[in-house]
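A.B. asks: Would you be able to build a 3D model of this:
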Amino acid sequence: MPVTALLLGLFVLALIGLPQLHHVRADYSTPVRALVVESAQLPVATALDRVWPRHTFAYHYLYRGELYVGNVYRHRGGLREAVSRLPVGSMVTVWIDPRHPERAVIEPGPSRADLAWLALGTLLLVFGLRCFFRLVAHDLALLRAGKQPRNG
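C.D. replies: Okay, the predicted model is just below:
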């Protein structure tokens with residue numbers, strides 16, 4: 001049980017946290033208006049497309065006289081939400097990193113669902129570690145007492 005909780009916690013933290021790591025150092029502090037130029041669900045081409053539909057989403061924005069193209073709604077996807085909320089021709093505020101204006105995002109930071117998953121992954125990890133260390137401490141106490149520790 002502790003190993004399962006530990007591995008599941010690590011898996012959830014990696015699944016949710018890793019896609020957001022390269023955005024940690026970005027400074028999405030400058031708001032810029034953007035025009036949505038692409039927002040659609042792609043046609044069904046395979047059986048997987050029925051289960052996990054694919055979406056295309058893009059916007060154009062100007063920053064210091066240069067035109068940029070962005071396609072990030074949220075750091076960890078959210079394209080289905082973007083397509084449902086923002087049709088082609090919509091004006092939207094994007095947040096850019098002024099040092100790297102090609103980096104833009106509409107919804108900076110993790111979503112509430114991402115935060116909930118991160119909390120669950122952290123709880124599983126802490127629970128797994130706590131149980132693991134309690135088992136190790138128990139087995140060490142048995143060894144010191146001259147008894148045979150249990151397996152598993």
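A.B. asks: Quick check: the gap between residue 18 and residue 29.
C.D. replies: According to CB to CB, to the nearest Å, residue 18 and residue 29 sit 23 Å apart. C-beta here means a position set from N, CA and C on the backbone, and glycine is covered the same way.
A.B. asks: you'd agree residue 114 is in a helix?
C.D. replies: Yes - under DSSP: H, G, I helix; E, B strand; the rest coil, residue 114 sits within a helix.
A.B. asks: Might one say that it is in contact with residue 13?
C.D. replies: No - contact criterion CB atoms under 8 Å: residue 114 and residue 13 do not qualify, at 11.1 Å.
A.B. asks: higher neighbour count, those two?
C.D. replies: A direct count of neighbours by other CB atoms under 10 Å for residue 114 and residue 13 places residue 114 higher, at 20 against 17.
A.B. asks: how about the nearest residue to the more buried one, chain neighbours excluded?
C.D. replies: For residue 114, ignoring the flanking residues on the chain, the nearest one in space by CB to CB, 6 or more residues apart in numbering is residue 16 at 5.4 Å.
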